[in-house]
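**Student:** Build the 3D model from these lines:
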Amino acid sequence: MPTFTRDGVTLHYQEHGSGFPVLLLAPGGLRSTIDAWQRAPWNPIDELAPLYRVIAMDQRNAGGGSAGPVTAADGWDTYTADQLAVLDHAGAERAHVLGMCIGGAFIANLLRTAPDRFTAAVALQPIGLSDNRGRFHEMVQGWGEERGIPAEDLTGFGDNLYGGDDVLWSVSDAEVERFDTPILVLMGNDEFHPPAASRTLARLAPNASLLETWKDPDSIPMAQKAVAEFLAANTPA
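**Tutor:** The predicted structure is shown next:
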């Protein structure tokens, strides 16, 4: 599967199926790797590859095949640049995007940065701020210590990700209100994925809808059908 280097960063991704591209941004927080989809309620690679060209990537320094430096200047835009570089390397000028957990924050910054490249977005239990900032900083600390990142760089990096007061972390409410891309939000319901984050995205984005129940076994078929119909309705002819 493809691996390439851009500006000193190694980026790894996989492709499955054929058709209109769908970029997948995995759950796992800063450990967002392709393998994490195997632990999701259902695996979008399996569901989407029969109909789409699925492009699934490892985020940098997540424990997979992507790696790069971490400095106090890095943050959401660093990941966004990696994600757009993967699409460029794959030759995908436009794509749908589907992300879970931290993938919701990634999606929001992609729609802020490069809205013309995305035809539809699916955000499964996006992370968000809801009296839980300390838990996110604990996660960053543990991740950084495992990788031997200098304390000053780790602090700056963590503050750039989780030091602000925006509910969706990566973008402001005002920026969400300017999104034009159709968005389907599948609601989160725990500490890292608070309902408030999902509801904020669905309420503020002009073309967004919210699916509240989707993870329990009885709801999975309905959720898969909703995602399939949403993507099909927004796939260019």
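**Student:** Can you classify the residue positioned nearest the centre of the chain as helix, strand or coil?
**Tutor:** Nearest residue to the geometric centre of the chain (C-alpha atoms, centre = their mean): Gly103, 1.6 Å. Here Gly103 is recorded as helix under DSSP: H, G, I helix; E, B strand; the rest coil.
**Student:** so the nearest residue to it once chain neighbours are set aside bridges to which residues?
**Tutor:** With sequence-adjacent residues excluded and distances taken as C-beta to C-beta, 6 or more residues apart in numbering, Gly103 is closest to Leu25, at 3.6 Å. Heads up, the C-betas are built off the backbone N, CA and C, glycines and all. Note on Leu25: beta-bridge partners Met57, Gly99, judged by DSSP bridges.
**Student:** Could you double-check that Leu25 lies in contact with Ala105?
**Tutor:** No. The pair Leu25 / Ala105 is not scored as a contact, 9.2 Å apart, by C-beta atoms under 8 Å.
**Student:** Looks like the residue nearest to the centre of the chain contacts Ser32 (just checking).
**Tutor:** Yes. Gly103 lies in contact with Ser32 (C-beta under 8 Å); the separation is 7.0 Å.
**Student:** any shared contact partners between the two?
**Tutor:** The contact sets of Gly103 and Ser32 overlap at Leu25, Ala26 (C-beta atoms under 8 Å, 6 or more residues apart in numbering).
**Student:** Quick check: pLDDT value at the residue nearest to Ile183 when sequence neighbours are not counted.
**Tutor:** Among residues not flanking Ile183 along the chain, Ala208 sits closest, at 4.0 Å (C-beta to C-beta, 6+ apart). Per-residue confidence (pLDDT) for Ala208: 99.
**Student:** Trp143 now?
**Tutor:** pLDDT at Trp143 comes out at 98.
**Student:** Quick check on Tyr171: phi, psi?
**Tutor:** Check again: residue 171 is Val, not Tyr. phi -140, psi 160 (degrees, to the nearest 10).
**Student:** Counting neighbours, what do you get for it?
**Tutor:** The local packing of Val171 (other C-beta atoms under 10 Å) involves 24 other residues.
**Student:** thought it was touching Arg112?
**Tutor:** Yes. Taking contacts as C-beta under 8 Å, Val171 lies within contact range of Arg112: 5.0 Å.
**Student:** how close does Ser18 sit to Ile55?
**Tutor:** The gap separating Ser18 from Ile55 is 11 Å, by C-beta to C-beta, to the nearest Å.
**Student:** quick one, what contacts the residue nearest to the centre of the chain?
**Tutor:** Residues near Gly103 by C-beta under 8 Å, 6+ apart: Leu24, Leu25, Ala26, Pro27, Ser32, Ala123, Leu124, Pro126.
**Student:** Show me what the nearest residue to Ala92 once chain neighbours are set aside bridges to in the sheet.
**Tutor:** Among residues not flanking Ala92 along the chain, Pro21 sits closest, at 4.0 Å (C-beta to C-beta, 6+ apart). Beta bridges link Pro21 to Arg53, judged by DSSP bridges.
**Student:** and Pro21, how many residues sit next to it?
**Tutor:** For Pro21, using other C-beta under 10 Å, the count is 22.
**Student:** likewise Glu152?
**Tutor:** 10.
**Student:** Tell me how far it lies from Phe106.
**Tutor:** Applying C-beta to C-beta to Glu152 and Phe106 gives a distance of 25 Å.
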